[in-house]
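1. Build me a model:
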Amino acid sequence: MTTAGAVRRRLFGIPSARAVFSRPGFAPQAWERFAPVARSLMEGYHAALEDPRLPALTARLDAVEPSLTGFAYEGAGMGLAALDAVSPRKRRLDAFVAGPGAPHIYPVYVGVGLAYARLRRAPEDRLAGLDPLLGWVTADGYGFHEAFFRRRRCVERHAVPARLSAPGRRYFDQGVGRALWFSGGAQVDLVARLVAGFPPARHADLWSGVGLASAYGGGADEDALRSVLTHAPGHRRRLARGAATAAWGRRTAGNETEHTDLACRVFCGRGSGDAAAVVAEAARDLPVISVEPAYEIWRRRIEEALAV
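-> Residues are numbered from 1 along each chain as shown. As a prediction, the model looks like this:
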C-alpha cells in the first residue's frame, strides 16, 4: 500500500462491517448469512482507496471468490466515486467503467450511488456523465445506503429525499427494498412486515428490490422464496423483474450462481439463463430521447416479457 493509500484508508475507510450489522434494527441472522457479502464489498472499497490504479485494483477484485466478485466491484465503484469527488480531474471511475469494470457495470453504479449518499450528493445531478441506461442505478445505491446506514430516518420514519424526481424515488425505493432483505437477514416475515409499514404506493418498488437482492445475494431456500410470493400478492411481476435483472447482471459478469437460478425459477417461472436473456432483449433499441428515463422503459419491458 502506498503512503497516499494508507492516508485515504485512514480518512475514508470503514472500520468494521460487523459493527454495521450489529446496529439496532438488524436481524441477528443478517451477519450470519451475509458476512461474506459485507466483507467482499469492503474489500473492494478499501482496495480502491488504497491503490486505485487499474492493474492493482483489478487484481485485488478478481481475487475475491467468484460468486462474490460483484460485491467487490460495487465497493470499488463506491471508492472510486469518492476519490473522484475529492480529485475530480482524475476521472478514475470513467476509466474503470470503460475498462475492467464494464462487465460489472450494474454493481459498480450501485456503489457509485452509495458514495453519493455518503457525500450528500444528489444522484440525478450527475447522470450526464454516466451510462444513459444504467446511470439511474445510482439512485438505487443511494436508497440502499439510506436504509442501511440511516435506518431510523429511512426505514422507521419512511423519509424520502427531497432532491429526487418521481422516477428517482422509485429507483431509490428499489434500493431500500434490497437493504431490507440484507439487514433483515433474509427473514421473510420480518422483511414483509417492514415493507408493509411503508405507504402502499411504495410497495411495488420495495418488492422489486427484495426480488433483486434475494436473487443476487441469496440467503433463502426455495420454501422461503415461495413464502415471499405469499407475502407480496400482486407484486410477482416486480419480484420477477428484480430476479431477472440479478440474473442478467451475473450472466454479464460471468459469475452465475445456483441461488440466482433458484430465485428466477420461483419468481420468473424460468431459469436464470432464460430470465437474463429477457432482460438483455428488453435493452435493445431503447429510445435515445424520451420523456421518461430509458431505465424505466427497460424495467417495464422486462415485466411485460416475463408476464407472457
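
2. distance of the residue lying closest to Gly209 once chain neighbours are set aside from Leu194?
-> Nearest residue to Gly209, sequence neighbours excluded (CB to CB, 6 or more residues apart in numbering): Gly177, at 2.3 Å. C-beta here means a position set from N, CA and C on the backbone, and glycine is covered the same way. Distance from Gly177 to Leu194, counting by CB to CB, to the nearest Å: 9 Å.

3. Settle it for me: which of those two has more neighbours?
-> Gly177 (33 against 23; other CB atoms under 10 Å).

4. before we move on, which element is the more buried one in?
-> Assigned by DSSP states H and E, Gly177 belongs to helix 166-183.

5. and if you look at Leu194?
-> Using DSSP H and E, Leu194 falls in helix 188-196.

6. now for the helix holding Gly177, which elements pack on it?
-> helix 28-50, helix 137-149, helix 188-196, helix 203-217, helix 294-306 (3 or more CB pairs under 8 Å, 6 or more residues apart in numbering; DSSP states H and E).

7. Contacts only, for Ala147.
-> Ala147 sits next to 154-155, 175-176, 179-180, 183 when contact means CB atoms under 8 Å, 6 or more residues apart in numbering.

8. what does Leu68 give?
-> Contacts of Leu68 were listed using CB under 8 Å, 6+ apart, and they are 36-37, 40.

9. what about it, which SS state?
-> With DSSP: H, G, I helix; E, B strand; the rest coil as the basis, Leu68 sits in helix.

10. where's stretch 276-296 relative to the chain centroid, distance-wise?
-> Its chain's C-alpha centre and that of stretch 276-296 lie 19 Å apart, by CA atoms, centre = their mean, to the nearest Å.

11. Okay, buried residues for it please.
-> 276-279, 282-283, 293-296 (16 or more other CB atoms under 10 Å).

12. tell me which residues in stretch 209-221 are buried?
-> 209-220.

13. scratch that, stretch 19-35 is what I was asking about
-> Buried residues in stretch 19-35, counted by 16+ other CB under 10 Å: 20-21, 26-27, 30-31, 33-34.

14. mind exporting that stretch as CSV, just the C-alpha atoms?
-> This file holds the C-alpha atoms of stretch 19-35, laid out as CSV (Å, rounded to 0.1, in the frame of the first residue of the first chain):
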residue,chain,number,x,y,z
ALA,A,19,-20.3,-3.3,13.7
VAL,A,20,-22.7,-2.1,11.0
PHE,A,21,-24.7,-5.3,11.1
SER,A,22,-24.9,-5.0,14.9
ARG,A,23,-26.8,-1.8,14.8
PRO,A,24,-30.4,-1.6,16.1
GLY,A,25,-33.0,-3.0,13.7
PHE,A,26,-30.7,-5.5,12.1
ALA,A,27,-31.8,-9.1,12.4
PRO,A,28,-29.3,-11.5,14.2
GLN,A,29,-29.3,-13.6,11.0
ALA,A,30,-28.1,-10.7,8.9
TRP,A,31,-24.4,-11.1,9.8
GLU,A,32,-24.7,-14.9,9.9
ARG,A,33,-25.9,-15.1,6.3
PHE,A,34,-24.3,-12.1,4.6
ALA,A,35,-20.9,-11.7,6.3
